[in-house]
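Quick one: sequence and predicted model below, then my questions.
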Amino acid sequence: MISRFYLENYLSFSKVDLEFNKGLIVFTGPSGAGKSILMDSLLALFGIKEGKASLSEVVLEETNIANELFDIKAKDDIYIKEIKKDKTRYFLNNQSLSKKNLKDFSSSLVKHIHVKDNSDFESDKLITFLDFLSQSENKNFKKLEASFSEKYIEFQAVKKELNKILQDESKLEELKEFAKYEIEKIDAISPKINEYDELKEIRKTLSKKDKIEDAINESKAIFSFTSKVSKTLNLMEKDSSFFDEALNELNNIYEGFTDSLFELEDMDIEEVLNRIELLSSLEKRFGSIALALEYKKKKEEELDSYDNIIFSKSQLEKKVLVLNDEINVLSNNLSSERKKSAKILEKKINHYLKYLYLSNAQVVIEEKTLDETGIDKVVFILNNVKLDTISSGEFNRLRLALLTSMSEYEINDNGILFLDEIDANLSGKESAAIATVLKKLTQKYQIFAISHQPQLTACASQHFFVDKKNNKSSITELSKGEQENEIARMISGEKITSEALVFAKDLIQASS
C-alpha cells in the first residue's frame, strides 16, 4: 500500500503531502479542480503516466514484493521518486532506473482502470490475459505457446517463399525462353577474348597491304649499298657493325611483314569484316567481349536456377503441408487451454456481477482465421446478447467485473488499484453496486478512486476533497462531518439541503 505521497510543482499544485491508509481512498471535488492531475501524478510514479512534477515521491509498505535486482525483500518499505529538470529521472530505493523498468517493476503491484479506455474487451488483449492465466494454471503452457510461435513464424516464412515462386511461375517460361535466347545469341557468335582487337589489326593491315608492298619494293634499293657503306666506314677506320645490324633488323621486318601478308592471302576479307561487325555489336552492348561472356555465364546460371525452382516449389509445398498440420495441432492445444482459462475467468466475473445486479456473462472462444495468436477469438455475451446491444451502464459494470477479475491474477495481494471515474454516468443503484464491489476488494487491495457519485464516496475509508481557487489547487482530508457535507453537496449542489444531508448520513452509515 501507499503510505505517503509527496508532490512539488505540478501544474496547479504547488505542494502536496498526504498520508494514506488501507482501504478505499476517494478524491472528490468540482470539475477542473485537479483530481485527474493528482491521479496522473501518482500513476507517473509507477511508469504508467508521463512524469511532469518537478519532484514527487511515494512510500510503499507491506507490498509482499521481493526483488533481488533492487535488493528488496518482502515486507521492506519501498521508495519511488521522480525528479524532473531537463529530463525526468526515476529512482527506486535511490537506484536510478528507466520508465520502462519502473513500469515492469510495478506491473504486479499496480493496475489502472479508467472509464475512457474501451479496449478491454478487444480479443487480442483478452487472449493475452487468457494465456497469462493459462501459464499459472498449467506449467507446460508456456512451452506450448513458444512452440506455436516458433512454428508459426517458420510457417509464414515458408509460405512467403512459396508464394513468391507461385507468383513468378507464370513468368517462368518467359524468363527461361529469354535466358535461352540470350545464351544462343552469344553462342552463335562464339566470341573469344582479344579476338576483336586482333581482327581490327588484320583489317587495318589488309587495308594498307598494296601501299606497304610498293613502299617496301621502292625502299629495298638501300640493301644494294650495304657493301659500299661498310667499305667506306672501314676506310674511315670506323666500326660498321651498327650499320650491319640495322640493315639486318630492317630486312627482318620487311621479310616478316611479307610472310604475314602471305598468310593473309587465303583470308576472306568479307568474312573478316562480317566477324568484326558481329563482335562490334557485342562490344557496343556489353562494353567488352569479356563482359559479354560473363553475361552469358550469368544467364546459364539463371537457367539452371529456373530448373531448380520446380524442385524447390515441390519441396516447399510439402513443407507447408507438414507445418500446417503441426500448427493445427498446436493451435488446437492452445485453444483447449484457453477455453479452460475462459471458464475460470467467466466464473470469477459472474461472482462480481452478483453484486452489480447483473448475471449470466459468458466468455466465448470462437474460431477465427489462423494468425500469430492462434485460431481463437474472444467474445463476451451478457444474458445471451453481444456487447454492442447492451446499455452503457451494463457495459461499465461488466467491464468493472472483468477488470476486477483480471486484477486478482495480475497483481499481488496488498496491491493497488487506481480507478478513474469508474462510476461515471451510472444510476444511483448501479453506483451503489459498484461501491459494494469495491468495498469487498479493499480486503485485498488499496484502492484510489475519483468519483462524482455519493454512493461510492460514502464507502471511502479516506475521503480527500480537491478544490481550486485563483488557479491554485489544494487537497484536504475530510473528517466524518466534512465528508457528510461533501456528499450532501454532490447530491443537492452548492446549496446543501437538509434532505441531502440526511441522505448523506444514511449512505455513510449504511456503508460502515
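Nice, I can see it. Predicted, not measured: the structure shown is a model, and the values here were computed from it. Residues are numbered from 1 along each chain as shown.

List the pairing partners of the lengthiest strand in the chain within its sheet, with orientation.
Longest strand in the chain, counting residues (DSSP state E): strand 361-371. Neighbouring strands of strand 361-371 in its sheet, by DSSP bridges, are strand 374-382 (antiparallel).

on contacts alone, who are the packing partners of the helix or strand following the strand it pairs with?
The helix or strand immediately downstream of strand 374-382 is strand 385-386, counting by DSSP states H and E. Applying 3 or more C-beta pairs under 8 Å, 6 or more residues apart in numbering; DSSP states H and E, we find strand 385-386 packed against no helix or strand. Quick note: C-beta positions are derived from backbone N, CA and C, even for glycine.

Would you indicate which residues of whichever helix or strand comes after strand 385-386 are buried?
The element immediately downstream of strand 385-386 (helix or strand, assigned by DSSP H and E) is helix 392-410. Buried residues in helix 392-410, counted by 16 or more other C-beta atoms under 10 Å: 393-408, 410.

ok, now stretch 459-479?
Neighbour-count burial for stretch 459-479, counted by 16+ other C-beta under 10 Å, picks out 459-466, 468, 473-475, 478.

Name all residues that make contact with L144.
Contacts for L144 (C-beta atoms under 8 Å, 6 or more residues apart in numbering) come out as L330, N333, L334, E337.

please redo it, this time with the cut-off set to 6 Å
Contact analysis of L144 by C-beta atoms under 6 Å, 6 or more residues apart in numbering lists N333.

ok, now how distant is F70 from K87?
Distance from F70 to K87, counting by C-beta to C-beta, to the nearest Å: 21 Å.

give me phi/psi at K192?
With angles defined as degrees, to the nearest 10, K192 shows backbone torsions of phi -130, psi 150.

Skipping adjacent residues, who's closest to it in space?
Using C-beta to C-beta, 6 or more residues apart in numbering and skipping the chain neighbours, the partner closest in space to K192 is I289 (7.3 Å).

So that neighbour sits against P191, correct?
Yes. Contact criterion C-beta atoms under 6 Å: I289 and P191 qualify, at 4.7 Å.

Between F70 and K87, which has more neighbouring residues?
Neighbour count, other C-beta atoms under 10 Å: between F70 and K87, F70 has more, with 16 against 7.

Helix, strand, or coil at that one?
coil (DSSP: H, G, I helix; E, B strand; the rest coil).

burial count for K480?
Quick note: K480 (other C-beta under 10 Å) scores 9 neighbours.

Give me the residue ranges of the stretch 351-500 of the chain where confidence is low.
When residues are selected by pLDDT under 70, those of the stretch 351-500 of the chain lie in 425.

The stretch 51-200 of the chain: strands as residue ranges?
Counting by DSSP state E, counting those that start in this stretch, the stretch 51-200 of the chain has strands at residues 55-60, 78-84, 88-92, 95-97, 110-114.

out of those, which comes closest to K299?
Closest of the strands of the stretch 51-200 of the chain to K299 is strand 95-97, at 59.9 Å (criterion: C-beta to C-beta).

residues of that closest one that come out buried?
With burial defined by 16+ other C-beta under 10 Å, the residues of strand 95-97 counted as buried are L97.

And for stretch 180-197?
Residues of stretch 180-197 classed as buried by neighbour count (16+ other C-beta under 10 Å): E182, I183, I186, P191, Y196.
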